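Participant: turn this into a model:
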Amino acid sequence: MKAIPIFPCPVREVAHTWIRLSDGTRLAARLWIPEAAEHLPVPAILEYIPYRKRDFEAVGDAVTHGYFAGHGYACVRVDLRGAGESEGVLRDEYLPLEQQDGLEVLRWIAAQPWCNGNIGMIGISWGGFNGLQIAALQPPELKAVITVCSTDDRYADDVHYMGGCLLGDNLSWASTMFAYNACPPDPLLVGETWRDMWMERLEKSGLWLAEWLSHQRRDDYWRHGSVCEDFAAIRCPVMAVSGWADGYSNAVFRLLAGLDTPRKGLSVPGAISIPISAYPVRPSGFSRKRSVGGTPG
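Facilitator: Numbers count the residues shown, from 1 in each chain. Alright, predicted model coming up:
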C-alpha cells in the first residue's frame, strides 16, 4: 500500500550557505529542505533577488518558502551578486552576468542530494523578471516559472518609460536601489572582509539613474531582458500573476497571448504583492513598484 504524504512535513532550515560560481564569486543562500528529501529527493523552488535574505526579506521569505517546503519542495532563496552577503558588485538591473549566475545557481541546486533535478523559479517584480529572462535561456533544470508583477517589455511597460515618456518612478526606483546598494554585508556571515566588500559596493555600483536616462529610446539596452522580443525562446510552462491596481497588470495578458507554451494567468484585486498576502486596494493609489504590504521591485 502506497503511503499518503502528510503535510505540512518537517523542514530543516539552513539560514546561510554559499554557492560558489565558476569565477570564484560566492552567492549567499538560505535553504528550506523537507527532512524526507535527504532520502527521497524532491523538486526545488528558486527565488533569486537582490533584497537581502538576512534582514529586509527575512520574515517574508520564512513565511513563503517555509510554506512551500512544508508541502514537499526544497526552497532556495539567493541574493544576487553584490547584494546582501553575496560577493561582488550589483551594477544594474537584469545584466547578462545576473542571468549567467542564475544558470549556475540552477545547476548547483540540481546537483544537491536533496533535489531531484527539477526546479521552478518564483518571484515578484525583480524575481518575476529574471525568472522569465532565465527561462528564455532554456536551462534544462528549469521546468516552470511563476512570475508575479513583472513585465515582458522593459522599455514600453516598466518603471522607466511608457509610451516614450519618462516616468517619475524612474527616479524613485533608482533612489531605492541606490539605498539598497549602500548597505553593508553582515560581518557575522562574511567575516573580516565585510568592510572591503562594503567599500567596493559604494565605489563601484554606480549611479543607475544616469544609465537609464542615457537610453531614452528603445534600443539594445532595453531589448535585453525584454522577453517580448522572442516569446518563442521560453519553452517551459509559465504562470503570470498581477493585480488590477498594479502597474504590471497588462503584461499578464501579453504573456498569455505571446507565449506558445503551457501558461496560465491570474489577475487579483490588489497591487504589487504575492497573492497570498494581497488585499483589495483602490486603483487611484497604486504604485508600480510597491504598495502597503507589498515588496519592492
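Participant: only C-alpha atoms from now on, for both contacts and neighbour counts.
Facilitator: Will do.
Participant: shaky segments in the stretch 101-250 of the chain?
Facilitator: By pLDDT under 70, the stretch 101-250 of the chain has no low-scoring segment.
Participant: now with 90?
Facilitator: Low-confidence segments of the stretch 101-250 of the chain, defined by pLDDT under 90: 163-164, 243-247.
Participant: quick check: buried residues in the helix or strand residue 77 falls within?
Facilitator: If you go by DSSP states H and E, residue 77 is part of strand 74-79. Across strand 74-79, burial judged by 16 or more other C-alpha atoms under 10 Å covers 74-79.
Participant: and what of stretch 87-103?
Facilitator: For stretch 87-103, burial by neighbour count (16+ other C-alpha under 10 Å) applies to 87-92, 94, 98-99, 101-103.
Participant: please apply the same query to stretch 222-233.
Facilitator: Here stretch 222-233 shows 222-228, 231, 233 as buried, counting by 16+ other C-alpha under 10 Å.
Participant: just the ones of those residues in helices?
Facilitator: Among the buried residues of stretch 222-233, the members falling in helices are 222-223 (criterion: DSSP state H).
Participant: closest one to residue 115 out of the buried residues of stretch 222-233, please.
Facilitator: Nearest to residue 115 among the buried residues of stretch 222-233: residue 233, at 25.6 Å, using C-alpha to C-alpha.
Participant: downstream of the strand holding residue 77, the next helix or strand is which one?
Facilitator: helix 96-110.
Participant: against which helices or strands is that next one packed?
Facilitator: Counting contacts by 3 or more C-alpha pairs under 8 Å, 6 or more residues apart in numbering; DSSP states H and E, helix 96-110 packs against strand 42-49, strand 115-124, helix 126-135.
Participant: which residues touch it?
Facilitator: 19, 21-22, 44, 46, 48, 80-81, 115-119, 130, 133-134, 139, 141-142 (C-alpha atoms under 8 Å, 6 or more residues apart in numbering).
Participant: buried ones only from those residues, please, as a ChimeraX command.
Facilitator: Paste this into ChimeraX to select the buried members of these, with burial taken from 16+ other C-alpha under 10 Å:
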select :19,21,44,46,48,80,81,115,116,117,118,119,130,133,134,139,141,142
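Participant: circling back: among the buried residues of stretch 87-103, which one lies nearest to residue 170?
Facilitator: For those, the nearest to residue 170 is residue 92 (13.1 Å; C-alpha to C-alpha).
Participant: tell me how far the closest one lies from residue 190.
Facilitator: 23 Å (C-alpha to C-alpha, to the nearest Å).
Participant: same question, residue 74
Facilitator: Distance, residue 74 to residue 190, by C-alpha to C-alpha: 24 Å.
Participant: again with residue 71
Facilitator: 32 Å.
Participant: for the nearest residue to residue 117 once chain neighbours are set aside, grab the count of nearby residues.
Facilitator: Leaving aside its sequence neighbours, residue 117 sits nearest to residue 110 (C-alpha to C-alpha, 6 or more residues apart in numbering; 4.3 Å). Counted by other C-alpha atoms under 10 Å, the residues lying close to residue 110 total 20.
Participant: now do the contacts for residue 186.
Facilitator: By C-alpha under 8 Å, 6+ apart, the residues touching residue 186 are 54, 84-85, 194.
Participant: what's the closest of these to residue 183?
Facilitator: Closest to residue 183, out of all of the contacts of residue 186 and judged by C-alpha to C-alpha, is residue 84, at 7.8 Å.
Participant: ok, back up a step: residues in contact with the strand holding residue 77?
Facilitator: 27-34, 37, 42-53, 61, 65-66, 68-69, 85-86, 114-115.
Participant: and it with strand 115-124, angle?
Facilitator: Inter-element angle recorded for strand 74-79 and strand 115-124: 50 degrees (by axes from the mean of the first three to the mean of the last three C-alpha atoms, to 10 degrees).
Participant: and the strands in the protein?
Facilitator: Assigned by DSSP state E, the chain shows strands spanning 11-20, 26-34, 42-49, 74-79, 115-124, 142-148, 161-162, 165-166, 238-243, 263-268.
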